[in-house]
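[1] when you get a sec, could you give me coordinates for this:
(2 chains)
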Amino acid sequence: MPALRRSDWYDLARDLNWNLSYVTEDEAFPEVMSNNYGITPNEKWWGWDEPYKVSYREYVHNQHGKDASVYSVNSVIARSRMFEELDPGWKSAIVAHYGAIAVPEYLAGLGESRMGRFGRAAAWRNMALFGTLDETRHGQIQTYFPYTLLDKEPRMDWAHKALHTNEWGAIAARHLFDDMFTANDAVSTAIQLTFTFETGFTNLQFLGMAADAMEVGDLDFGALISSIQTDESRHAQQGEPTVKILVENGYADVAQRLVDHMFWRSWHVFALLTGLSMDYYTPLEHRSHSFKEFMQEWIVKQFLDQFRDFGLEPSWYWESHFLPELDWYHHALHLGVWFWRPTVWWNPDAGVSPAEREWLEEKYPGWNDTFGVYWDTIGDNLRRGEETKTLPETFPMVCNMCQIPVVTPAGFRAGKLESPEPQIHIHEGRQYVFCSEPCKWVFQLNPARFAGHTSVVDRFLGGEIQPPTIPGALEWMGLSPEEMGQDATNYAWAFEGFEAPGAAAS
Amino acid sequence: MTTMRRRKARTWSLLGDVKRKPSAYEAVTAKFHYHFRRDPAPWELDPEMALNRWYLDHREGSPFNVDDWEGYRDPAKLTYKDYVTLQHERELYVDGLVDRFEAVDHAASYSDGWTAAFASLVVPLRFPIHVLQMASLYVGQMAPSSFITNAAHFQAADEMRRLQRIAYWTQVVANAKDASIATTEAAREPWESGEAWQPLRETLETMLVAYDWGEAFVALNLGVKPAFDAMTNVALRDLARRNEDEFIALLCEEFDRDAARSRAWTTALVRYALERDPALADVVNGWLETWAPKGIAAVEAMGPLFEQAPEPVAGEELVEVAREAQREIAGAAGVA
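    A predicted model of the protein is given here:
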C-alpha cells in the first residue's frame, strides 16, 4: 500500500485547468459539444468539485473484484436450470430490459466521453472518464449475460439488435437516449443524464429490479443489476456540481428547464419499461411494492429533496400532469402493449388473473372500473375462442416527442384528463401530435432539435413502410413471426376461475 | 413461453451465419455503433440538428473511411473486464514499486540538482498528459466502430493512470525535498508560460481542435503521442537512470507497456484501413505532414530541461528518440 492517502495528492491530479492560448475557448469547447449557457470565461467552471472521489488504482482494483464476482455468479448459474424455471412474466421483463437498456448503456459511454473531452473543468473530465469506462462495462456485461442465454431464449438476441431496428419501442428508446446523451452537449448531459436520469430513475430501475430479481430467484440478474448500480451511484454525481455552477452563476432557470425537460421524458419511458414489469410481469407473490409506491418512494421523494437542496422548484407539470399520471398512464400503456403484442420483442404478460386484479384494485382503487372492464372484454373474447378480436388491425397514433403510442382516451376514461384528445401543434406548416402538454412543451423549448424527425406513424402515412399493412409494418420493425410478442402464459389468466377452459389459441 | 426457433443460435443474429463461434470479446463489442452511417442521420432526432451534423461532417464525412470498420480488431482484444483485470495486476506491480522505494526513503536521496530537474520537467507533465487523455476520449467518441472506440477509451484511462502516479510521486518528493512543487502553480505556471513548454502546448491545443475523426486519430496516435511517449517513457527513463532515480526509470518502463498497447492498436487500425483502401495512405500521410513535425517541435523545445539535469540527456538525443519513434510507428503502420 502506498504510504500517502489519496487525499494527500488527489488535488494535484485534478486541478489541471489552464487558460488556452493557441486556440480560443469557443474552438476547443464549441457550443454544440459543450453549451456554457453564457457562463464565461471557462475559469468560472474550474471550481467544479465532485462529491465522490476515486483514483485510477482504486478504480481498477475495485472494478476487477466486482467483475470477477458478477461473472462468476453468471458462470455458475449458466450450468444450472435456474433460467428455465423462472416465471414467464419475469423472463419477459428481463428480455424487455436487455433490449431497451444494454446497448444504450454502452452509448451512454459516448455521452460520458463527451463530458470527458468537453467538460469545462478537469475534475469533471476525470470523473467522466470513469463514467466512460463504467458504461463500457454496463454495455458489455448486459450483452454478455443475455448472450449466454441465447440457446435458452432466442429473444435475447434483442439485447444486441434492438437498437438496430425500427421496432417502435427501440425508436422511443433511441429518441430519448439520443436527446439525453448521445446527441447532447456535455453541460446538458451532466444535468440530464447524470442528475436527472441516473440519480433519479436508474435508482428505481436498478434497485427496484434487483430487489424483485432476488425475490423471484433470478440471482444472475439480481447480481448484475446490483453491481451496475454501485457504478451508477458514483458517476451520477457529476450532475450535482454542474447544477451548482449554473445556480451560482444565476442560471438556475437553465438547470430547471433541463431537469424538467428530461424528467418528463424519462418518466414516460420508465412507465413503459418498469411500470409494466413491476405491476404486471413480476409474479404476484414476489411483488413487494406497486410501481406507484416505488415511484413515490424513490422518485417523487428524491426529486423533491433535490429540488429543495439546489433551490430548484418542482417541475411546472408536477401536480397537474405528473402525479395524476402515476395512477393511470402505465396501466393504459400495458393495455396497449398487450393488445399490440406482435409489435414488441418480448412476450407481454397480461398479469390480470383474478388474484392479480384484486391486487391491482387494492393498489390502484378504481382499477377494475377503469381498466378491468377492457380486460373483461378481452377475457370474454379469448374464452369464446375469438383471439383475432384481441389482436390489432390498425396502428395507434404515436406521440411526436416520446414516440410512445397516445393513450389519452384511457386517461380520460380514468377521470384524469379533461379530454380524450391528444395535443395538436402546428410548427412551420407541419402538424405534430403529442400525448401530453409536457411532451408538447419539450418540443416547443427547442423545435430545431426535434422538428425534422418523423414518428413511426408519420413514416407509415408518408409511404416509407411498404406494404402499408400490419404485416408490412412488422417486417419494417424487424420482427420475424417467431419474434413477435405473444401472451406470456398462453392466455392461462383468462381461464383461471372458469370451469371449462376453451381451446387456448397458440 | 419461450420463443421457438428452428435451430440454436451460435451468436447474435447480426453477426451472420458464422462458422466459427465469435469470441467473448467480439460478442460484447461487435456492432454496437448502430448509428454509424444510419439513414438519414446517426441520431433519432431532427436529421439536421447540431450533433447530427457534427457526426455527419466529422465521422461519416471524414476522408479516413472504409466500406466496413467492423472487421477491425484491437490486437489486445480487450473487453472492459480484461482491461481492468490487466491494469489491476499492473497497478499491483506499481503499488509494490512504490512500497519498495518508499521503504528506503528514495525521494530523500534526490540531489538538489535532480530535485530541480524533477520539478521543472516531471511535475508539469500532468497538464500535457491530461490533454492526451482528452484527445483519446474524442477519438473514442467519434470512432465508427466499438472495436476502435473501446481501445481509444482504454488509452485515455492509461493516460490518467500515469498522470496520477506522477501526481503521487510529486507529493512524495515535495514531502521529502521541497513542498513548493506540490501545488497547482508549480505545474501550471511552466505549462502556461515556460518557454520550453510552449511548442508542446501549442501542438496539443491545436490538436484538440482537429475534429475530423481520422485526423484526430492520426494526429494523436501517429504524430504527437509517439513523440511525446518517446520523450516521457524513453528519454526520461534514461535521464532518470543517469541521475540515479531508478524509481522514475521503472515507472517510465511501466508506462511504456501502455504506450506499446496504443501503438499496437494504432498500427493495426491503419493497416486494416490501407488493406481496404490503399489510397488512404495519402490521406494519413497528408495529416502526418502536419502533425509529425509538430510533435517533434514540441519535444525539441523541451531539450533544455533534459540538458539542465546534473547528468543530462542531450537535446539532439531527445529529438532523435522522438523521430525514431515516429518512424517506427509509421513503418509498422505501413505509411512510412
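
[2] output the below-cut-off pLDDT ranges for chain A.
    In the predicted model, chain A carries pLDDT under 70 at residues A:203-204, A:499-506.

[3] now check the top helix by length along it, is it near chain B?
    The single longest helix within chain A, with elements called by DSSP state H, is helix A:88-118. Yes. Legend: contact between helix A:88-118 and chain B by Cβ under 8 Å from any Cβ of the partner chain is shown at A:88, A:91, A:103, A:106-107, A:109-110, A:113-114, A:116-117. C-beta here means a position set from N, CA and C on the backbone, and glycine is covered the same way.

[4] tell me what that helix is packed against?
    On a contact count with 3 or more Cβ pairs under 8 Å, 6 or more residues apart in numbering or on different chains; DSSP states H and E, helix A:88-118 meets helix A:122-148, helix A:158-161, helix A:168-177, helix A:186-189, helix A:209-216, helix A:219-235, helix B:126-142, helix B:146-176.

[5] dump the residues of helix A:88-118 next to chain B to JSON lines, plus neighbour count.
    JSON lines is the format used below for those (neighbours: other Cβ atoms under 10 Å in any protein chain shown):
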{"residue": "A:88", "neighbour count": "18"}
{"residue": "A:91", "neighbour count": "26"}
{"residue": "A:103", "neighbour count": "29"}
{"residue": "A:106", "neighbour count": "26"}
{"residue": "A:107", "neighbour count": "24"}
{"residue": "A:109", "neighbour count": "32"}
{"residue": "A:110", "neighbour count": "24"}
{"residue": "A:113", "neighbour count": "30"}
{"residue": "A:114", "neighbour count": "27"}
{"residue": "A:116", "neighbour count": "31"}
{"residue": "A:117", "neighbour count": "28"}
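
[6] chain B contacts on the stretch 251-400 of chain A?
    residue A:347.

[7] now with 10 Å, please.
    Residues of the stretch 251-400 of chain A lying near chain B by Cβ under 10 Å from any Cβ of the partner chain: A:345-347, A:349.

[8] which of the residues of helix A:88-118 next to chain B sits closest to residue A:216?
    Closest approach to residue A:216 among those (Cβ to Cβ): residue A:91, at 9.8 Å.

[9] is any part of the host helix or strand of residue A:60 close to chain B?
    Per DSSP states H and E, residue A:60 falls inside helix A:56-78. Yes. Applying Cβ under 10 Å from any Cβ, one finds helix A:56-78 touching chain B at A:56-68, A:70-71.

[10] pick out the residue in the stretch 351-500 of chain A sitting closest to chain B.
    Closest residue of the stretch 351-500 of chain A to chain B, Cβ to the nearest Cβ: residue A:452 (3.7 Å).

[11] residues contacting the closest residue to that residue other than its chain neighbours?
    Spatial nearest neighbour of residue A:452, chain neighbours left out: residue B:46 (3.7 Å); criterion: Cβ to Cβ, 6 or more residues apart in numbering or on different chains. Residues near residue B:46 by Cβ atoms under 10 Å, 6 or more residues apart in numbering or on different chains: A:183, A:446-454, B:40, B:52-53.

[12] need the pLDDT of residue B:46.
    Looking at residue B:46, its pLDDT reads 98.

[13] so it, which of the three states?
    Per DSSP: H, G, I helix; E, B strand; the rest coil, the local secondary structure of residue B:46 is coil.

[14] can you give me phi and psi for it?
    phi -60, psi 130 (degrees, to the nearest 10).

[15] equivalent analysis for residue A:432, please.
    According to degrees, to the nearest 10, residue A:432 has phi -110, psi 140.

[16] same question for residue A:433.
    Torsion angles, degrees, to the nearest 10, at residue A:433: phi -110, psi 130.

[17] got the contact list for it?
    Applying Cβ under 10 Å, 6+ apart, the residues contacting residue A:433 are A:397-401, A:406, A:421-425, A:439-440, A:455, A:457-458.

[18] any of those buried? List them.
    Among the contacts of residue A:433, the ones that count as buried by 16 or more other Cβ atoms under 10 Å in any protein chain shown are A:398-401, A:406, A:422-423, A:425, A:439-440, A:455, A:457-458.

[19] quick one: residues contacting the closest residue to chain B within the stretch 251-400 of chain A.
    Per Cβ to the nearest Cβ, residue A:347 is where the stretch 251-400 of chain A lies closest to chain B, at 5.4 Å. Shown in contact with residue A:347 (Cβ under 10 Å, 6+ apart): A:88-89, A:91-92, A:95-96, A:155, A:281, A:338, A:341, A:484-490, B:1-3.

[20] select from these every entry located in strands.
    Using DSSP state E, no member of these sits in strands.

[21] the residue of the stretch 251-400 of chain A closest to chain B: what secondary structure?
    coil.

[22] can you tell me how far it is from residue A:216?
    16 Å (Cβ to Cβ, to the nearest Å).

[23] equivalent analysis for residue B:233, please.
    Applying Cβ to Cβ to residue B:233 and residue A:216 gives a distance of 52 Å.

[24] got it, and residue A:425?
    43 Å.

[25] cool, residue B:253 as well?
    51 Å.

[26] ditto for residue A:264
    In this view, residue A:264 and residue A:216 are 30 Å apart by Cβ to Cβ.

[27] repeat that for residue A:461.
    Taking Cβ to Cβ, one finds residue A:461 at 42 Å from residue A:216.

[28] more neighbours: those two, which one.
    More crowded of residue A:461 and residue A:216, by other Cβ atoms under 10 Å in any protein chain shown: residue A:216, with 23 against 13.

[29] can you select the buried ones from the residues of the stretch 251-400 of chain A next to chain B in ChimeraX?
    Selecting the buried subset of these in ChimeraX, with 16+ other Cβ under 10 Å as the burial test, is done by:
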select /A:345,346,347,349
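
[30] still on that earlier bit, hmm, which two among the residues of helix A:88-118 next to chain B are most spread apart?
    Maximum distance among those (Cβ to Cβ): 44.7 Å, for A:88 and A:117.

[31] circling back: of all the contacts of residue B:46, which two lie farthest apart?
    Most distant of the contacts of residue B:46, by Cβ to Cβ, are A:446 and B:40, 19.3 Å apart.

[32] quick one: the strands in chain B, in order.
    Going by DSSP E, chain B shows no strands.

[33] spatially speaking, which residue is in the middle of it?
    By Cα atoms, centre = their mean, chain B has its centre lying nearest to residue B:155, at 4.9 Å.

[34] was I right about that one contacting residue B:259?
    Yes. Here residue B:155 lies in contact with residue B:259, judged by Cβ atoms under 10 Å, at a distance of 9.1 Å.

[35] shared neighbours, these two?
    What both residue B:155 and residue B:259 touch, as defined by Cβ under 10 Å, 6+ apart, is the set residue B:225.

[36] go ahead and confirm residue A:184 touches residue A:194.
    No. Between residue A:184 and residue A:194 there is no contact under Cβ under 10 Å: 11.3 Å.

[37] anything in contact with each of those two?
    A:111, A:115.

[38] next up, the contacts around the residue nearest to residue B:120 when sequence neighbours are not counted.
    Among residues not flanking residue B:120 along the chain, residue B:305 sits closest, at 5.5 Å (Cβ to Cβ, 6+ apart). Residues in contact with residue B:305 (Cβ under 10 Å, 6+ apart) are B:117, B:120-122, B:124, B:190, B:194-197, B:231, B:236, B:239, B:312-313, B:315, B:318.
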